[in-house]
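Engineer: What would the 3D arrangement of this be:
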Amino acid sequence: MSLKPFIAGLLFTVLLAGCSLHKPQQIAQLPLPESFVAALGAAEEAKLPERWWTIFDDSRLDTLMKQAFAGNLDLAQALARLEQLQAVRRQAGAARQPYLNLDGSGGRVRQQSVVGSVTTDSFRLSAAAGFELDLWQKIKSRSEAATLDVLASRQDIQALYLTLTAQLADLYYLAVEQRAQLALADSTIDSFKDSLARVEDRYRSGLVPAVDVYQARQNLAAAKARRPQYERTLATTEHALAVLLGRYPDRTLSGDSADIPTLDSDIAAGLPSQLLTRRPDISAALARLQASDERIGAAIAERFPAFALAGSYGGASSELDTLLRSPNIFWNLLLNLAQPVFDGGRRRAEVERSRAVFRENLAKYHQSVLRAFQEVEDALAHGRTSAERIGLLEERVAAASASRRLAYDRYLQGLADYLPVLTGQAAEFDAESQLLAARRQLVSDRIALARGLGGSWMEQTLETHLHTTSAQGSEL
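Structural biologist: Numbering: from 1, shown residues only. Presented below is the predicted three-dimensional model:
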């Protein structure tokens with residue numbers, strides 16, 4: 001039989017190779033605002049240190065960040081998912097390469113013949129190779145989709161770095177605030193004890209009624225009652241901080257001597273267009289959208305003929321040493337064609353499903369963009385109002401302190417009863433406590449803004465981590 005028709009058909013299929021049945025879809029972008037609503041002044045480029053938490057200049061916090069990168073279990077899970085997707089990508093890419101299999105067999109057979117029992121040996125060795133011609137770029141589309149899945153996973157890890165650092169810093173400074181609240185409560189309790197002792201002395205001297213003693217005891221009891229709340233919050237905060245680092249709950253991680261940082265300058269929010277490139281969650285959503293578009297192409301290609309080349313070469317012999325030198329050499333070369341004819345609409349349904357997935361991911365992508373802008377706008381608005389509240393609370397603390405001192409002096413001079421002193425003490429304690437909480441809230445607002453603005457430091461951190469993991473694996 002002549003090989004000319006076969007070669008002609010093979011050349012024809014090669015010429016068709018590379019034809020795509022699906023063109024990548026244009027991704028509609030939401031129109032971006034010119035500036036952030038809550039930003040004050042003209043828009044300017046975002047200015048954040050590569051590792052944003054260094055703005056707090058806290059070495060203990062820096063150490064905890066390093067420990068979190070090494071021990072956080074959410075991060076470990078995300079890195080394992082990345083390895084899985086990288087393996088899937090290699091599997092998808094392998095389908096674009098030819099395969100080669102070796103097949104060998106050997107045996108001994110005893111059977112009856114006209115001359116009696118005969119024992120024969122048989123040996124067979126062959127090599128089989130094959131290759132699917134990706135005429136409609138089905139395999140390429142699947143490989144590209146797998147590559148985009150890996151990219152999305154890498155972006156997820158970078159987003160996790162942002163979330164992890166924000167959570168850690170927030171817990172750290174919440175613990176710092178609770179320690180400050182405990183110190184304030186202790187100093188207030190000592191002050192109230194001193195006041196109670198003075199009132200009891202005046203009562204024993206007959207200078208004040210018994211109600212003043214009860215009111216002083218009431219103030220002291222109220223201050224003592226607030227202390228367990230701070231202890232509870234501090235304990236749960238430190239427990240959460242330990243688990244975030246991949247440890248059992250501990251009470252030794254937060255900075256005992258750390259202070260709530262004083263923040264003077266604002267962080268420039270930058271241009272809205274920068275947010276699209278600085279936020280890894282947006283990049284992850286875009287990569288998944290593009291992957292779903294590639295899968296539409298693969299689903300469409302499934303409805304068209306599939307061509308595959310297959311061939312084998314080998315030999316058979318009754319003697320092992322003459323296996324490939326015997327006259328029983330065989331070979332074949334085939335071009336296989338598979339054309340779907342009837343599948344009950346399964347392939348058409350898969351195309352429709354893939355297109356619906358694309359529309360879903362397009363909505364997710366747009367939603368991630370809107371949510372990113374919302375987070376930045378919220379952080380800017382919260383930061384501004386928190387700073388204003390701190391200024392007002394500072395005025396309140398000064399006024400409450402002056403009022404309490406004046407009321408106490410008048411009480412000691414016998415010019416007023418004890419109720420103004422009671423009110424003044426409670427107001428000063430409450431104002432100072434609220435001021436501590438407001439200062440910590442401003443820190444949280446800055447943390448939220450830094451997280452919302454994203455950055456580029458996460459990519460280098462991920463590369464360093466992967467390189468370190470790879471080097472450790474090669475040593476084993």
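Engineer: residue ranges for the helices of the stretch 151-300 of the chain, please.
Structural biologist: Per DSSP state H, counting those that start in this stretch, the stretch 151-300 of the chain has helices spanning 210-244, 272-278, 280-301. These are given in chain order.
Engineer: Which of the ones you listed has the highest mean neighbour count?
Structural biologist: With neighbours defined as mean count of other C-beta atoms under 10 Å, the helices of the stretch 151-300 of the chain peak in mean count at helix 280-301, which reaches a mean of 23. Glycine gets a C-beta too; all of them are placed from N, C-alpha and C.
Engineer: Throw the helices of the stretch 151-300 of the chain into JSON lines and include distance to Leu449 and mean pLDDT, thanks.
Structural biologist: Below are the helices of the stretch 151-300 of the chain laid out as JSON lines (distance: least, C-beta to C-beta, whole Å; pLDDT from 0 to 100):
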{"stretch": "helix 210-244", "distance to Leu449": "21", "mean pLDDT": "93"}
{"stretch": "helix 272-278", "distance to Leu449": "12", "mean pLDDT": "87"}
{"stretch": "helix 280-301", "distance to Leu449": "16", "mean pLDDT": "95"}
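Engineer: Serialize the ones you listed to TSV and add fields for distance to Glu200.
Structural biologist: Supplementary listing: the helices of the stretch 151-300 of the chain in TSV, determined by distance: least, C-beta to C-beta, whole Å:
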stretch	distance to Glu200
helix 210-244	6
helix 272-278	63
helix 280-301	62
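Engineer: I'd like to know which of those is closest to Glu428.
Structural biologist: Using C-beta to C-beta as the criterion, the shortest distance between Glu428 and those is 11.0 Å, found for helix 210-244.
Engineer: Mind giving me the packing neighbours of the closest one?
Structural biologist: Under the contact criterion of 3 or more C-beta pairs under 8 Å, 6 or more residues apart in numbering; DSSP states H and E, helix 210-244 touches helix 138-204, helix 419-453.
Engineer: Now do the residue positioned nearest the centre of the chain against Asp378, distance only.
Structural biologist: Closest to where the C-alpha atoms of the chain average out (C-alpha atoms, centre = their mean) is Leu160, at 2.2 Å. Leu160 sits at a distance of 21 Å from Asp378 (criterion: C-beta to C-beta, to the nearest Å).
Engineer: tell me which element the residue nearest to Leu160 when sequence neighbours are not counted falls in.
Structural biologist: Across the structure, with C-beta to C-beta, 6 or more residues apart in numbering as the measure, the residue nearest Leu160 apart from its sequence neighbours is Ala78 (5.3 Å). Taking DSSP states H and E as the definition, Ala78 sits inside helix 73-94.
Engineer: Would you mind telling me which of the helices of the stretch 151-300 of the chain is nearest Gly414?
Structural biologist: Each of those was checked against Gly414 via C-beta to C-beta, and the shortest separation belongs to helix 210-244, namely 11.8 Å.
Engineer: got the angle between that closest one and helix 138-204?
Structural biologist: Using axes from the mean of the first three to the mean of the last three C-alpha atoms, to 10 degrees, one finds that helix 210-244 and helix 138-204 are set 160 degrees apart in direction.
Engineer: distance between helix 210-244 and the chain's centre?
Structural biologist: Distance of helix 210-244 from the chain centroid (C-alpha atoms, centre = their mean, to the nearest Å) equals 36 Å.
Engineer: With stretch 159-175 instead?
Structural biologist: Centre to centre, stretch against its chain (C-alpha atoms, centre = their mean), the figure for stretch 159-175 is 12 Å.
Engineer: how about it: buried residues?
Structural biologist: 159-162, 164-175 (16 or more other C-beta atoms under 10 Å).
Engineer: for those residues, which one is nearest Ser59?
Structural biologist: With C-beta to C-beta as the yardstick, the closest approach to Ser59 among the buried residues of stretch 159-175 comes from Tyr172, at 12.2 Å.
Engineer: wait, doesn't the closest one sit right on Met65?
Structural biologist: No: in this structure Tyr172 lies outside contact range of Met65 using C-beta atoms under 8 Å: 9.4 Å.
Engineer: Mean confidence (pLDDT) on the helix holding Ala78, please.
Structural biologist: The average pLDDT for helix 73-94 rounds to 94.
Engineer: need the next SSE after it, C-terminal direction.
Structural biologist: strand 99-113.
Engineer: Run through the neighbouring helices and strands of that next one.
Structural biologist: Contacting strand 99-113 under the criterion 3+ C-beta pairs under 8 Å, 6+ apart are the following elements: strand 116-133.
Engineer: between the strand it packs on and helix 138-204, what angle do the directions make?
Structural biologist: Computed by the same axes, to 10 degrees, the angle between strand 116-133 and helix 138-204 is 70 degrees.
Engineer: Quick check: can you name the pairing partners of strand 116-133 and their directions?
Structural biologist: Looking at strand 116-133 with DSSP bridges, its paired strands and their directions are strand 99-113 (antiparallel), strand 306-317 (antiparallel).
Engineer: can I get the CA coordinates of that strand in PDB?
Structural biologist: Output in PDB follows, covering the C-alpha atoms of strand 116-133 (Å, rounded to 0.1, in the frame of the first residue of the first chain):
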ATOM      1  CA  GLY A 116       4.300 -35.000  21.900                       C
ATOM      2  CA  SER A 117       4.800 -32.300  24.500                       C
ATOM      3  CA  VAL A 118       6.700 -29.300  23.300                       C
ATOM      4  CA  THR A 119       8.100 -26.400  25.400                       C
ATOM      5  CA  THR A 120       8.700 -23.100  23.800                       C
ATOM      6  CA  ASP A 121      10.000 -19.800  24.900                       C
ATOM      7  CA  SER A 122       8.700 -16.500  23.600                       C
ATOM      8  CA  PHE A 123      10.000 -12.900  24.100                       C
ATOM      9  CA  ARG A 124       8.600  -9.700  22.800                       C
ATOM     10  CA  LEU A 125       9.900  -6.100  23.000                       C
ATOM     11  CA  SER A 126       8.300  -3.000  21.500                       C
ATOM     12  CA  ALA A 127       8.300   0.700  21.700                       C
ATOM     13  CA  ALA A 128       5.100   2.700  21.200                       C
ATOM     14  CA  ALA A 129       4.900   6.500  20.600                       C
ATOM     15  CA  GLY A 130       2.100   8.900  20.000                       C
ATOM     16  CA  PHE A 131       1.300  12.600  19.700                       C
ATOM     17  CA  GLU A 132      -2.000  14.400  19.600                       C
ATOM     18  CA  LEU A 133      -2.100  17.200  17.000                       C
END
